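1. Using only what follows, build the 3D model:
(chains A and B)
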Amino acid sequence: MKTHDAKGIPHTSPRQSATFTQDINSDIRRAAATGIYDIRGGGAKRKVPSFDDLLFMGASISRYPLEGYREKCETSVTIGGLHASNPIELDIPVTIAGMSFGALSGPAKEALGRGASMAGTSTTTGDGGMTPEERGHSDKLVYQYLPSRYGMNPNDLRKADAIEIVVGQGAKPGGGGMLLGQKISDRVAHMRNLPKGIDQRSACRHPDWTGPDDLEIKVLELREITGWKVPIYVKVAGARPYYDVTLAVKAGADAIVLDGMQGGTAATQDVFIEHVGQPTLAIIRPAVQALQDLGMHRKVQLILSGGIRSGADVAKAMALGADAVAIGTAALIALGDNDPKYEAEYNALGTTAGAYDDWHEGQDPAGITTQDPELMKRFDPIEGGRRLRNYLKVMTLEAQTIARACGKNHLHNLEPEDLVALTMEAAAMAKVPLCGTDWYPGKPGTGY
Amino acid sequence: MQTVDLQEMGLRGVNAALHAQADDTNQTAWTIENAKGAHAIACGLDAPIEVTVKGSTGYYCGGMNQQATIKIDGSAGPGTGENMMSGKIVIEGDASQYLGATAHGGMIVVKGNASSRCGISMKGVNIVVQGNIGHMSAFMGQSGNLVVCGDAGDALGDSCYEARFFVRGSVKSLGADCEKKEMRSEHLTLLQGLLDEAGIDADPKDFTRYGSARNLYNFDVDNAAAY
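-> Predicted coordinates:
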């Protein structure tokens, strides 16, 4: 590169724009070439305030820790005891979030069921209905009730251990979905009552109810059909958590699933994933506040999801008031998604391990987000289930380690008082003190 | 004939009694009195029984029905017969919005009119309306047949897939990707069968068929405004 002009005057250094970055420019070129917005899987990739911005303080002279290998730290949780005669009893507070057969292969759904069952927790169906593999391998299966009602039938509804009415998803609050034709195999098409090979649109609104008053009647209908036996969850995106949780409780939900913007999707517009919704850290306190204001905290369980990765995240979510968490993307990674051992194949798809997010195209080298019979053969559901079990166990052990260090004999006993924040933003969102202070922005009585 | 009073037994009591009927029950005829617009009456049935509801019903009467025949001696509230799998629902009066939403099978007959979004996301059900239907009916309809002896409102069949629509009267407007189609002999035969099953005397030749133009089946930027 020339550094001077012909007269010997130095050039300024080439300077990349902070506004028109190489990433942005590639987005513009792709849009100009195709005329179609970018669709991808996964959740928000942008950096947002997160549980990484919180720390536990641990025990001190005034707080006694529990002995790590001698004193118990319980992890069980009961979900749905408010109205249902058969609430769900989980050994660990980490559940598997809803992911569809169609988006995922049958063996991948089987592995999720196997792993969750071995770890003593629940898994969840998705947009596309319940498969025999999933029901057969899941001790506790939550049946999602979605706007599209693909595969929805009362026989499966009665086989479910809980029903989850999906109102929103963290990756796309207010959005529907589209399963592209490449993934519509004969079996997927049959389950969804649609022709093979066409793009399948999922509606963003339920077809037979709108608003909280209707939702209350819908909850009544589902309870009547299932004899008031199983819990009914309501899943909402991290949009307006205080009001959404309030309205869901008013409608009669037994549990609330609250999904932040880091939560994944099988296929949605990138602009939607990155620009609509709130970070998981920002939505939990308003949700807990709503439950507390209604006198329903711990009566209606709060399940938090969206970017949960470790036992530390679990512990922080529970310290801020969640009763349990749900994982989706992390579970897929545990199964083998985005594994570097497939790097050459990721490169051939124009990406790299860790960044692969074209789940909707059905070419997943790991055989998880695909309906291609050859790719599916690469994935062993027994081994996948074992890996997920291991991962869930590690998350639980990590959360217990932290809880014991805080002197807590149950994960539910973790509390905001155990936490501090590394940043002003995290302090404001989590309403815990900034490190080294006794203050957070908006703290009552401080004036600002 | 089993006669139950909804106000006396309560919704749970009535539905539990209906749910307790097995395929081989000899209690095959039921009358529910004093419906008084209650929601979720006779939802989730799964037995070959006949249920007559005296009076108008609220939301979701006959929701997810399997096998049962339900007759509503009045008008029906929103979402009646939603996600029905099989059986039959006959509404003597009018039907509110979302009639037969996402229903997979069976037949719903409306002697009066049906409101907006009739047959929304229908997945195999047959719906026959003697009167008119409201706007956005059969939105995203996937399969099954919607027969309208009167007129259809705005945006009939918007974004539909393989569902068929037969309208005798006028259609105020067609929705995105819905078009008028040729009425071939197999459609006349199909329609005659549906009218016979519904107990409605009408000539299939007086109807016009509508269905998907299939232009939205695979995303195309040139159709972006229609999505």
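
2. For the stretch 201-350 of chain A, give the residue positioned nearest to chain B.
-> Nearest residue of the stretch 201-350 of chain A to chain B (CB to the nearest CB) works out as A:Ile225 at 3.2 Å. To be clear about C-beta, it is placed using only N, CA and C from the backbone, and glycine gets the same treatment.

3. how about the residues of the stretch 101-250 of chain A that lie near chain B?
-> A:148-149, A:152-154, A:157, A:178, A:180-181, A:192-195, A:198-199, A:201, A:203, A:207-209, A:214, A:217-218, A:220-221, A:224-228 (CB under 8 Å from any CB of the partner chain).

4. buried stuff in stretch A:211-230?
-> A:214-228, A:230 (16 or more other CB atoms under 10 Å in any protein chain shown).

5. and what of stretch A:119-136?
-> So stretch A:119-136, judged by 16+ other CB under 10 Å, has buried residues A:119-131, A:133-135.

6. Stretch B:130-148 and chain A in contact?
-> Yes - counting by CB under 8 Å from any CB, chain A has neighbours in stretch B:130-148: B:139-140, B:142-143.

7. Break down the stretch 101-250 of chain A into its helices, ranges please.
-> Per DSSP state H, counting those that start in this stretch, the stretch 101-250 of chain A carries helices over the ranges A:106-119, A:132-137, A:154-159, A:186-192, A:211-225, A:241-250.

8. Dump these to JSON lines, plus mean pLDDT.
-> Converted to JSON lines, the helices of the stretch 101-250 of chain A look like this (pLDDT from 0 to 100):
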{"stretch": "helix A:106-119", "mean pLDDT": "96"}
{"stretch": "helix A:132-137", "mean pLDDT": "91"}
{"stretch": "helix A:154-159", "mean pLDDT": "96"}
{"stretch": "helix A:186-192", "mean pLDDT": "76"}
{"stretch": "helix A:211-225", "mean pLDDT": "97"}
{"stretch": "helix A:241-250", "mean pLDDT": "98"}
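
9. got those as CSV, with distance to B:Ser170 columns?
-> Shown next, in CSV, are these (distance: least, CB to CB, whole Å):
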stretch, distance to B:Ser170
helix A:106-119, 47
helix A:132-137, 47
helix A:154-159, 37
helix A:186-192, 33
helix A:211-225, 31
helix A:241-250, 40
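
10. Identify whichever of these lies nearest to B:His187.
-> Nearest to B:His187, of all the helices of the stretch 101-250 of chain A, is helix A:186-192, at 23.8 Å by CB to CB.

11. And for that closest one, what's in contact with it?
-> With CB atoms under 8 Å, 6 or more residues apart in numbering or on different chains as the test, helix A:186-192 has contacts from A:101-102, A:106, A:128-129, A:131, A:148, A:150-151, A:179, A:184, A:195-197, A:200, A:371, B:142.

12. let's see it at 6 Å
-> Contact partners of helix A:186-192, identified using CB atoms under 6 Å, 6 or more residues apart in numbering or on different chains, comprise A:102, A:128-129, A:150-151, A:196.

13. shaky segments in chain B?
-> Scanning chain B for pLDDT under 70 picks out B:219-227.

14. who in it is up against chain A?
-> B:15, B:39-40, B:43-44, B:59-60, B:63-64, B:79, B:82-83, B:98, B:101-102, B:120-121, B:123, B:142-143, B:161, B:217-219, B:221 (CB under 6 Å from any CB of the partner chain).
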